[in-house]
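Novice: Any chance you can model this:
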Amino acid sequence: MVTKKKNCDIENCTQESKKTVSREKAGSALKEAGLDVAIREKKTKIHLCAEHYRKIKKKLKKDREIERLRWG
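Specialist: As a prediction, the model looks like this:
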């Protein structure tokens with residue numbers, strides 16, 4: 001079985017994907033970081049290289065904390 005490596009879904013990036021995040025959750029974080037997703041299809045996941053994931057990681061953490069507060 002051959003596994004195909006995925007590339008980062010950010011425009012003009014050809015690096016190998018290291019992380020996958022939900023498109024819904026990453027939407028606002030990507031906009032704040034000024035990143036555009038190259039794929040316009042209705043995919044539910046976005047593949048990100050280490051560099052781009054690092055740019056949105058803090059925003060995603062903040063969003064998760066807010067979401068947890070709503071539960072309790």
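Novice: does residue 20 sit in a helix, a strand or a coil?
Specialist: Secondary structure assignment for residue 20 (DSSP: H, G, I helix; E, B strand; the rest coil): strand.
Novice: beta partners of it?
Specialist: Applying DSSP bridges to residue 20 gives these bridge partners: residue 47.
Novice: ok, it - how many residues close by?
Specialist: 14 (other C-beta atoms under 10 Å). Every C-beta, even on glycine, is put in place using the N, C-alpha and C of the backbone.
Novice: ok, it - contacts?
Specialist: Contacts for residue 20 (C-beta atoms under 8 Å, 6 or more residues apart in numbering) come out as 45-48.
Novice: Just the buried subset of the residues you listed, written out for PyMOL, thanks.
Specialist: Applying 16 or more other C-beta atoms under 10 Å to the contacts of residue 20 leaves a buried subset, and the PyMOL line that selects it is:
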select buried, resi 46+47+48
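Novice: and residue 51, how many neighbours does it have?
Specialist: By the measure other C-beta under 10 Å, the count of residues near residue 51 is 12.
Novice: In TSV, list the contacts of residue 20 along with pLDDT.
Specialist: Converted to TSV, these look like this (pLDDT from 0 to 100):
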residue	pLDDT
45	92
46	92
47	93
48	93
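Novice: Of the contacts of residue 20, which is the nearest to residue 4?
Specialist: Ranked by distance to residue 4 (C-beta to C-beta), the contacts of residue 20 are led by residue 47 at 11.7 Å.
Novice: So the closest one versus residue 5, what's the distance?
Specialist: To residue 5, residue 47 is 10 Å away according to C-beta to C-beta, to the nearest Å.
Novice: How about residue 37?
Specialist: For residue 37, the distance to residue 5 - C-beta to C-beta - is 19 Å.
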